[in-house]
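Asker: below are the sequence and a predicted model for it; my questions follow.
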Amino acid sequence: MSLGSSLDTKERVKQAIDIVDLVARHVPLRRQGRNYVGLCPWHDDTRPSLQVNPERQSFKCWVCDIGGDVFSFVMQIDGVTFAEALAMLAEQAGIPLDPKRQTSPAEGEGAQDKRSLYRAMAWAEKQYHECLLRDTEAEPARKYLRSRSISPQSTEKFHLGFSPNRGDWLLRRAQGAGAPARLLEAVGLLATPAGGGPPYDRFRGRLLFSIRDAQARPIGLGGRVLPESGATSPAKYINSPETPLFRKSEQLYGLDVARDAIRKSGTVLVMEGYTDCIAAHQFGFPSAVAVLGTALGSRHVQVLKRFADRIVLVLDGDEAGQRRANEVLQLFVSQEADLRVLTLPEGLDPCDFLLQHGPEAFGRLLADQTVDALEHKFRAATRGLDVERDAQGVHRAVEEMLSVVAAAPRLTGSTDAQRQHREWTMLNVLAMKFRIDEQALRLRLRELRSASQRRAGADRGAQAAPSRQQAARARDLAIDPTERELLQLAIRHAACLERARAAIRPEQLASAACRAIYEACLRLSDAGVPPTFDRLTLEFDDPAVKSLLMALDEEEGDKQQAPQTYSPEDTLSQLLQAIETRQQHKEFPAKKSVLAEHRLAGAQETEFVQRLVHEERARRGISEPTDG
């Protein structure tokens, strides 16, 4: 990475953000000496294992072994990429990502300017929310909320709103506030008639559910039609269209509110409706989210897995709910997610169940009636089946069940023995229920697995690539102790870095992460910039490398607390000798091969043999012979 403007921007953002304030928004902190300590947001340990250093602008959890700078914290807590974390913090600090680029007023209001789109969406959310609270036209919406026992506190917490049944209501308010109509169109709030004409409010006559991203920024709306308001739309619910801010396949309602509770518990409850999600929070289940009136897709699952270890799909007890369960089970299996299913009784949805039976009964259902995906699939496949008369139905159920067993991943906390036992139990139950020989079922399961592997042949390379990359990443960060100490000295002691430069080339280091850090130290030193921890963290975007850098810096700092017994210069001499010996050991077979192939002759060969013997003695720790 060059020492250019991108680094300047990162450094300006890092200096502008107070990491203590940033972390304190998520967990309470208390001062302890020069640092701050608090509970870690990533696990449930009641001991304060999170430490925040305001001088270095760093954080570290000693239990999770997670640490880094302000960018690393945002990446971990929000589940975003480095680029997204940088953009979020830059916007918070009021720093443009490209300070050399001057934005014209016209461009600043352009529909493609995301910051303008976010501002337009937030403005509109506020208008709709204020309308729901105060406008006489919103009485049908307030009446509906009362009928569903949604409290004023929940109305505020979830930023509910209302759009009057007038196509120009939002447009008129936008004109009065100086908000460009093209921005409101760009975020999907205004629509243009197919036959032409002025834009109109897409959500007119509807109760509005604000859809926010994980960073609590309004990005879209879900609208429920209220006939009492005069609206005649045949669609009961509609969502915002696809926009630069909103992708329905990636968003989950309530994730911004539930995020911290999900991280704490490790479990997310997935509901099917907006009011179900709100009711769950209202009744004391803060880890609930909802899909946006569409089937759950692979991107939804990927997003959920960033925050939760276990996903509990809470389904309506009606027939449609059962159908939807079967549609998404295979998706969860293919995504290797730990999915549990809770089917509510009596045809009720979660909101109705909570209102009629209360949170205690719902909690008991979660504890006692939640089953894993395989068990749920088994129950669904065999429900109402006449084993004696319906041979075709039996065959279909067996094939369906075996297909799921064949594709099922290992669930969280399972071992190979547990999985084998579960499969054996499942096959045993299938054999008894369907009166089929168990060995025949095992053979068919083996055939299905083989067929699945053959079908996946075309994708195997692509699927294996991330696994190979992850394995390589783990190797890169598993640094040899010798190289680890070398980096500690290079970061903390400029004189040691210069001695190391004369003796060690980057390519001699085994770890890719170690080589990258060492090269960055040399590059910064050449530019006249001390390669301190603070400066090096700006060179890398990967939170794992940042965490490693912090560990290296702190380990060397701890050693310096006992200067009478620790000498960086003596330590470096030992490290250089160890690395040289390792290099000689690595090169020795090749040198012997050169000699064996008689590529040298005469005095040159004699000199080569003497040097080879000397290096082999040194490699084995054998002293040189003395005269006499």
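Answerer: Looks like it arrived, so ask away. Quick caveat: nothing in here was measured; it's all calculated off a predicted structure.

Asker: tell me, what's the model's pLDDT at the residue nearest to residue 403 when sequence neighbours are not counted?
Answerer: Leaving aside its chain neighbours, residue 403 sits nearest to residue 448 (5.9 Å; criterion: Cβ to Cβ, 6 or more residues apart in numbering). (Glycine included, C-beta is placed from N, CA and C.) If you check residue 448, the pLDDT there is 84.

Asker: which element, helix or strand, includes residue 448?
Answerer: helix 438-455 (DSSP states H and E).

Asker: and that helix, what does it pack against?
Answerer: helix 391-407, helix 416-434 (3 or more Cβ pairs under 8 Å, 6 or more residues apart in numbering; DSSP states H and E).

Asker: what about the residue nearest to residue 403, how many neighbours?
Answerer: Applying other Cβ atoms under 10 Å, we find 17 residues neighbouring residue 448.

Asker: before we move on, back to that, return the most buried member of the helices and strands packed on helix 438-455.
Answerer: helix 391-407 (a mean of 17; mean count of other Cβ atoms under 10 Å).

Asker: show me how far that one is from its chain's centre.
Answerer: 34 Å (Cα atoms, centre = their mean, to the nearest Å).

Asker: how about low-confidence regions in the stretch 301-450 of the chain?
Answerer: Where the stretch 301-450 of the chain drops to pLDDT under 70, the residues are 317-336, 374, 407-423.

Asker: got any ranges where the stretch 51-200 of the chain has weak pLDDT?
Answerer: In the stretch 51-200 of the chain, residues with pLDDT under 70: 98-113.

Asker: what do you get if the cut-off is 90, keeping everything else the same?
Answerer: 53-57, 61-68, 74-118, 167, 175-181, 192-198 (pLDDT under 90).

Asker: that one: helices as residue ranges?
Answerer: Assigned by DSSP state H, counting those that start in this stretch, the stretch 51-200 of the chain shows helices spanning 70-78, 82-93, 105-108, 114-134, 139-147, 152-157, 169-177, 181-186.

Asker: out of the ones you listed, which comes closest to residue 511?
Answerer: When these are compared by Cβ to Cβ, helix 70-78 sits nearest residue 511, at 19.8 Å.

Asker: just checking, what packs against that closest one?
Answerer: By 3+ Cβ pairs under 8 Å, 6+ apart, helix 70-78 packs against helix 5-16, helix 19-24, strand 66-68, helix 82-93, helix 543-559.

Asker: quickly run through the sheet partners of the shortest one, with directions.
Answerer: Read that as strand 66-68. If you go by DSSP bridges, strand 66-68 pairs up with strand 58-61 (antiparallel).

Asker: need the contact partners of the helix or strand containing residue 256.
Answerer: Here residue 256 sits within helix 255-265, counting by DSSP H and E. Residues outside helix 255-265 that contact it (Cβ atoms under 8 Å, 6 or more residues apart in numbering) are 26, 41-42, 44, 77-78, 157-158, 212-216, 268, 281, 286-289, 303, 307-308.

Asker: which of those residues are buried?
Answerer: 26, 41-42, 77-78, 158, 212-215, 268, 281, 286-289, 303, 307-308 (16 or more other Cβ atoms under 10 Å).

Asker: quick one: the helices in the stretch 201-350 of the chain?
Answerer: Using DSSP H, counting those that start in this stretch, helices in the stretch 201-350 of the chain cover 255-265, 274-282, 298-307, 319-334, 350-368.

Asker: so of those helices, which one's packed in deepest?
Answerer: Highest mean neighbour count among these (mean count of other Cβ under 10 Å): helix 274-282, with a mean of 25.
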